[in-house]
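> could you work out the structure for the sequence below:
(2 chains)
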Protein chains: 2
Amino acid sequence: MNKLKLYVDRKSQPARALIIFCRLNGIDFEEITVDFIKRQTHSPDFIEINPMKQVPAIVHGGLKLFESNAILRYLACAFPGVPDHWYPADLSRRAKIDSVLDWHHLNLRRGATTYVQSTVLGPVLGRTNPQKASESEKIVAESLSSIETFWLKGNEKFLLGNSQPSIADLNLVSEIMQLEVLTEKDINKFLGPYRKVLQWVEDLRNATNPHFDEAHKDILGVKEKYHGLAESTIRGMLPSQM
Amino acid sequence: MNKLKLYVDRKSQPARALIIFCRLNGIDFEEITVDFIKRQTHSPDFIEINPMKQVPAIVHGGLKLFESNAILRYLACAFPGVPDHWYPADLSRRAKIDSVLDWHHLNLRRGATTYVQSTVLGPVLGRTNPQKASESEKIVAESLSSIETFWLKGNEKFLLGNSQPSIADLNLVSEIMQLEVLTEKDINKFLGPYRKVLQWVEDLRNATNPHFDEAHKDILGVKEKYHGLAESTIRGMLPSQM
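Have a look, this model is predicted:
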């Protein structure tokens, strides 16, 4: 089978999750950058791969696939060297991870994406929408509260009381890392109340480094461009980092 | 293992998908109605099963699970009598179905749910939001266009060029059937341009009856309450039905 091709933009949070997953699990791939700000996702060639005009997408042999959760599930099953904890074969454990991944779309993902668009990208493009910003702020806050109080309620490091990360940890933490492009005040407002969430981000980083830091260089570059600060605000909020 | 328990409200579109799936595949279950309009989803007992306070949810032995896509995947794998076409063991075919199910959340589901809330439930409760109605209308129209031109582009009856339905067909058609509670004018506006979508709804109905019609009785009751019409407008739009 031909080498796996990842069509990604490292400014995209689920694209970073795929890169980290492949690097960590020794999955050989070719990285093809499709810059969504330059609208390369709308080129005829890319639309052949993903008619929905979004990154990430993959091509693996005859398979063209988009939607990051579907891609992570596929990679975890199609490459035999991937440890079971990423997407367990046990049906009950797998179902719980699917439940988090499905919940993610209309909660943390919808809220965080809309908030970043309304408060960072919108104003740059001359578009502001205070009502959208306010609604999405509420969704992000409720989502983080659910993660802290429900999925991180035990003493284990990862979601669902797991001692090792799953693809749900990876995709959700990648979403939280997108909040780095917000102002320091906004990041504190969102993540300040959630110590377990902050620790979980750090634990996932430790479990996946050096690939985690390497994949996040570009988003810290975006942060520097907007706020003149290339250090991670999120990491600085952890008590042990202060 | 104890009998499967489905916590559902037949006014919920993914809840209906679960009921149809179980009936069709001979999965024995106990149906427990949790009325979301009466806020039974907020009772302490139900929060123990789904802290996100939504139907559907299931209990199967020691497993408590929510999110309908995750539940459908689990049922298709955990009950050995379920035919393979619902959620194929082949990794590439399975991944394509996962891709549709993941896409669904932020597209047809988000659009249709918000449109129904803004135009049917909102006004009843004295809340109107024309901006939300207009935004969600656009999302529904774009989603239906994607389904018609991309996932139903071949000559086969079901999504992704399949001759037999998958859990993606079932969950997406259940969402479209929720549009029955809109005015006839709105239903025509949304579905009128999409002949393949209309035929697909009818093909899925034929493939799953009598369970499809039985599960949709309640939503046609809601339609009658709001519009004085208990016949399916969507079915009436098919050329063969005219």
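
> close to chain B: what parts of chain A are there?
A:51-52, A:62-63, A:65-71, A:73-74, A:77-78, A:91-92, A:94-96, A:98-99, A:101-103, A:105-106, A:109-110, A:131, A:146, A:150 (CB under 8 Å from any CB of the partner chain). Any C-beta I mention is one placed from the backbone N, CA and C, and that applies to glycine too.

> give me the subset of the residues you listed that lies in strands.
A:Leu63, A:Leu65, A:Phe66 (DSSP state E).

> which secondary structure element contains the residue nearest the centre of chain A?
In chain A, the centroid-proximal residue (CA atoms, centre = their mean) is A:Ser174; its distance is 2.5 Å. Element membership for A:Ser174, per DSSP states H and E: helix A:167-177.

> residues making contact with that helix?
Applying CB atoms under 8 Å, 6 or more residues apart in numbering or on different chains, the external contacts of helix A:167-177 come out as A:13-14, A:16-17, A:20-21, A:68-69, A:72-73, A:76, A:86-87, A:97, A:100-101, A:104, A:108-109, A:112, A:147, A:158-160, A:162, A:191, A:197, A:200-201, A:204-205, A:208, A:216, A:219, A:234.

> ok, and what's touching the lowest-mean-pLDDT helix or strand in chain A?
In chain A, no helix or strand scores lower on mean pLDDT, DSSP states H and E than helix A:122-124, which sits at a mean of 81. Helix A:122-124 is contacted by residues A:Thr128, A:Asn129 when judged by CB under 8 Å, 6+ apart.

> list the buried residues in it.
Within helix A:122-124, the residues that count as buried by 16 or more other CB atoms under 10 Å in any protein chain shown are A:Gly122.

> off-centre distance for it?
22 Å (CA atoms, centre = their mean, to the nearest Å).

> which one is A:Leu152 nearest to, not counting chain neighbours?
Sequence neighbours aside, A:Lys196 is the residue nearest to A:Leu152 in space, at 4.4 Å (criterion: CB to CB, 6 or more residues apart in numbering or on different chains).

> pLDDT wise, what is the one you found at?
On pLDDT, A:Lys196 comes in at 97.

> could you list the buried residues of stretch A:172-184?
Buried residues in stretch A:172-184 (16+ other CB under 10 Å): A:Leu172, A:Val173, A:Ser174, A:Glu175, A:Ile176, A:Met177, A:Gln178, A:Leu179, A:Glu180, A:Val181, A:Leu182.

> over to stretch A:130-145?
Buried, per 16+ other CB under 10 Å, within stretch A:130-145: A:Lys132, A:Ala133, A:Glu135, A:Ser136, A:Glu137, A:Ile139, A:Val140, A:Ala141, A:Ser143, A:Leu144.

> so which of these sit within strands?
Reading strands off those, I find no matches (DSSP E).

> reformat those residues as JSON lines; add distance to A:Thr41.
Compiled in JSON lines, the buried residues of stretch A:130-145 are given as follows (distance: CB to CB, whole Å):
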{"residue": "A:Lys132", "distance to A:Thr41": "22"}
{"residue": "A:Ala133", "distance to A:Thr41": "25"}
{"residue": "A:Glu135", "distance to A:Thr41": "26"}
{"residue": "A:Ser136", "distance to A:Thr41": "22"}
{"residue": "A:Glu137", "distance to A:Thr41": "27"}
{"residue": "A:Ile139", "distance to A:Thr41": "25"}
{"residue": "A:Val140", "distance to A:Thr41": "25"}
{"residue": "A:Ala141", "distance to A:Thr41": "30"}
{"residue": "A:Ser143", "distance to A:Thr41": "26"}
{"residue": "A:Leu144", "distance to A:Thr41": "29"}
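
> give the burial count for the nearest residue in space to A:Met52 that is not next to it in sequence, as a bare number.
Leaving out its chain neighbours, the residue that sits closest to A:Met52 by CB to CB, 6+ apart is A:Phe66, at 6.1 Å. By the criterion of other CB atoms under 10 Å in any protein chain shown, A:Phe66 has 21 neighbours.

> so what's A:Phe66 up against?
A:Ile49, A:Asn50, A:Met52, A:Gln54, A:Pro56, A:Ala57, A:Ile58, B:Ser99, B:Trp103.

> of these, just the buried ones, ChimeraX syntax please.
A single ChimeraX command selects the buried members of these (16+ other CB under 10 Å):
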select /A:49,50,54,56,57,58 /B:99,103
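
> please identify which of the contacts of A:Phe66 is nearest to A:Asp9.
Among these, A:Pro56 lies closest to A:Asp9 (CB to CB), at 8.0 Å.

> hmm, who's touching stretch A:16-34?
The contact list for stretch A:16-34, computed with CB under 8 Å, 6+ apart, reads A:3-10, A:40-41, A:46, A:55-56, A:58, A:68, A:71-72, A:75-76, A:79, A:81-83, A:86, A:167, A:170-171, A:174, A:177, A:208, A:211-212, A:214-216, A:219.

> where does the prediction get shaky in chain A?
The model of chain A has pLDDT under 70 over residues A:1, A:240-242.

> now with 50?
Filtered on pLDDT under 50, chain A yields the residue ranges A:242.

> how is it divided into domains?
Chain A resolves into domains spanning A:4-82, A:86-241 when parsed by automatic domain parsing.

> can you list those domains in JSON lines and add distance to B:Val120?
Compiled in JSON lines, the domains of chain A are given as follows (distance: least, CB to CB, whole Å):
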{"stretch": "domain A:4-82", "distance to B:Val120": "28"}
{"stretch": "domain A:86-241", "distance to B:Val120": "19"}
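
> just so I know, which of those domains lies nearest B:Pro239?
Across the domains of chain A, closest to B:Pro239 is domain A:4-82 (CB to CB), at 27.1 Å.

> then the host helix or strand of A:Thr114 to CSV, C-alphas only?
Taking DSSP H and E as the criterion, A:Thr114 maps to helix A:110-116. Provided in CSV are the C-alpha atoms of helix A:110-116 (Å, rounded to 0.1, in the frame of the first residue of the first chain):
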residue,chain,number,x,y,z
ARG,A,110,-18.4,24.3,18.4
GLY,A,111,-17.8,26.7,21.3
ALA,A,112,-14.0,27.1,20.9
THR,A,113,-14.0,27.4,17.1
THR,A,114,-16.8,30.0,17.2
TYR,A,115,-15.2,32.0,20.0
VAL,A,116,-11.8,32.1,18.3
